[in-house]
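A.B. asks: Everything below, folded, please.
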Amino acid sequence: MELLIFNKIEEDPCIKAVTEKDNVGVLRGVIRFCETEGVTSNAIREYTASLMANDDNILSELAKSGKMIGDDLYKLALMDVQEIYKKLFAIQIKYAPSGNSTGFYEGYIRSIRDITESANGRELLDSLITHYRRLGCGTLAKYAAFKYDGEIEGVSETDSITFDDLIGIEYQKKTLIDNTRAFLDGKAANNVLLFGDRGSGKSSSVKALLNMFRDNGLRVVEVPKHRINDIPKLTKRLSESPNKYIIFLDDLTFESHETEYRALKIAMEGQLQANPTNVLIYATSNRRHLIRETWADREGGEVHKNDQMQETLSLSERFGISLVFSLPNQKEYLNIVSEMLKKHGIEMDADIEREAVIWAMNYGGRSARCAKQFVTAYISKSKVKGED
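C.D. replies: Down below sits the predicted model:
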């Protein structure tokens, strides 16, 4: 094969083994692929489809960026794809994967199946372009959640929490949902700071957003504080993807001597280059003012004190929306426990109330997290009693 657009796949060891009729080499590549990524039993077809779907070339670059694909580029790509279809898709190697989860986003799996089942070269090319436009290619196409620590890594198993599981924070939920929906619809949307007491549902709310909107193109990338300096580089890469991204900074606070907060300020507002329209920053913190201030910081006269206070407030003010999450009082705490128990078919009674109150006293005070931990322990205990 002499390919113009998809030429990188010719260097793949398994594809080389196919062209060289090295059956052992082919089977080695196919078996490993099928057991780690495979979702169909059409081994070589799916292997090739996956290579093409994740190939970084001029066609995928234009398509995932939402740019036009000219007639000449389409015709040249079609020549490549028809050659690939004739030489590789015609090979019949059936291998059924063992059925273990790949951890991939469901939409990616559906797309790979559609590409694999293409009836001819033109249908294959059109399916690939659709894949690029909807999902992009590479790691960013395969997952809905990511961690960034110098490199983007897909998260195969995410928390299944939904907003129905979060009780007593109706205003916060509505504000987050409305802002995120506007973001996904291409309307103006704000960066968000979620602050307040520990265990009150801040991080869980961001996870619930992902579960609510992943099929609408929402993705979440968790970035640790020590990588904040990389945010401009990260957003540039994310801007080339068709999806919408929340950069998630969890449990964020800064000491006054730490400099990362200045990089975050610049990343949010302050760069000469405009921020991409498909990236927002959602941060959680136990503090309203993200930069810790001491009494010593206030010394040095009125001018110094004013400058320090402005510096302390300037980062928090970069967030267009600030949502406070507070610990519930005892009545609210017991209502959360009651609603959680109902999901397991258990009605609250005086004995359970008493146990829930004692639990809160012994395990860190009243919070949604504490309520969830109590319910988990109570159900586990009930199951043990039932077995006895």
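
A.B. asks: what's the neighbour count on Thr253?
C.D. replies: 16 (other C-beta atoms under 10 Å). Placement of C-beta: from N, CA and C, glycine included.

A.B. asks: Angles on the backbone of it, please.
C.D. replies: Dihedral angles of Thr253 (phi, psi; degrees, to the nearest 10) stand at phi -150, psi 160.

A.B. asks: Leu264 is in contact with that one, correct?
C.D. replies: No - Thr253 is beyond contact range of Leu264, at 11.8 Å (criterion: C-beta atoms under 8 Å).

A.B. asks: For Pro97, give me its contacts.
C.D. replies: Cys34, Glu35, Gly38, Val39, Ser41 (C-beta atoms under 8 Å, 6 or more residues apart in numbering).

A.B. asks: From Asn243, how far off is the residue nearest the centre of the chain?
C.D. replies: Centroid check for the chain by C-alpha atoms, centre = their mean gives Ala145 as the closest residue, at 2.3 Å. As defined by C-beta to C-beta, to the nearest Å, Ala145 lies at a distance of 12 Å from Asn243.

A.B. asks: and for those two, which residues touch both?
C.D. replies: Arg219.

A.B. asks: now the residue nearest to the centre of the chain: how far from Cys34?
C.D. replies: Distance from Ala145 to Cys34, by C-beta to C-beta: 25 Å.

A.B. asks: all strands of the stretch 151-300 of the chain, in order?
C.D. replies: Using DSSP state E, counting those that start in this stretch, the strands assigned to the stretch 151-300 of the chain run over residues 152-154, 192-196, 218-222, 244-249, 279-285.

A.B. asks: cool, and the stretch 1-150 of the chain?
C.D. replies: Under DSSP E, counting those that start in this stretch, the stretch 1-150 of the chain gives strands at 145-148.

A.B. asks: what's near enough to touch Asn42?
C.D. replies: By C-beta under 8 Å, 6+ apart, the contact list for Asn42 reads Ile93, Lys94, Thr116.

A.B. asks: Can you flag the buried ones in the residues you listed?
C.D. replies: Buried by 16 or more other C-beta atoms under 10 Å: Ile93, Thr116, out of the contacts of Asn42.

A.B. asks: From the contacts of Asn42, which land in helices?
C.D. replies: Thr116 (DSSP state H).

A.B. asks: Now tabulate the contacts of Asn42 in JSON lines and tack on distance to Leu210.
C.D. replies: Below are the contacts of Asn42 laid out as JSON lines (distance: C-beta to C-beta, whole Å):
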{"residue": "Ile93", "distance to Leu210": "37"}
{"residue": "Lys94", "distance to Leu210": "36"}
{"residue": "Thr116", "distance to Leu210": "27"}
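
A.B. asks: Out of the contacts of Asn42, which comes closest to Arg28?
C.D. replies: Ile93 (12.3 Å; C-beta to C-beta).

A.B. asks: how about the closest one, what does it touch?
C.D. replies: Val26, Leu27, Val30, Asn42, Ala43, Ile44.

A.B. asks: Which of the residues you listed fall within helices?
C.D. replies: Val26, Leu27, Val30, Ala43, Ile44.

A.B. asks: Tell me which two in the residues you listed are the farthest apart.
C.D. replies: It's Leu27 and Ile44 that sit farthest apart of the ones in helices among the contacts of Ile93, by C-beta to C-beta, at 10.4 Å.

A.B. asks: what about the two, which has more around it?
C.D. replies: Ile44 (23 against 15).

A.B. asks: distance of Gln92 from Asn42?
C.D. replies: On the measure of C-beta to C-beta, Gln92 and Asn42 end up 8 Å apart.

A.B. asks: cool, Gly70 as well?
C.D. replies: According to C-beta to C-beta, Gly70 and Asn42 sit 32 Å apart.

A.B. asks: next one: Arg133
C.D. replies: Arg133 sits at a distance of 24 Å from Asn42 (criterion: C-beta to C-beta).

A.B. asks: Ala49 now?
C.D. replies: Noted for Ala49: a distance of 9 Å to Asn42, by C-beta to C-beta.

A.B. asks: now swap in Gly168 and tell me
C.D. replies: Using C-beta to C-beta, Gly168 is found at 50 Å from Asn42.

A.B. asks: What of Ser338?
C.D. replies: Ser338 sits 51 Å away from Asn42, going by C-beta to C-beta.

A.B. asks: What ranges in the chain fall below the confidence cut-off?
C.D. replies: 255-259, 261, 269-274, 288-316, 383-388 (pLDDT under 70).

A.B. asks: Got the domain ranges for it?
C.D. replies: 7-142, 154-325, 330-387 (automatic domain parsing).

A.B. asks: what's the helix or strand where Val375 lies in contact with?
C.D. replies: If you go by DSSP states H and E, Val375 is part of helix 368-387. Residues outside helix 368-387 that contact it (C-beta under 8 Å, 6+ apart): 166-169, 198-201, 204, 328, 333, 336-337, 340-341, 344, 346, 352, 355-356, 359-360, 363-364.
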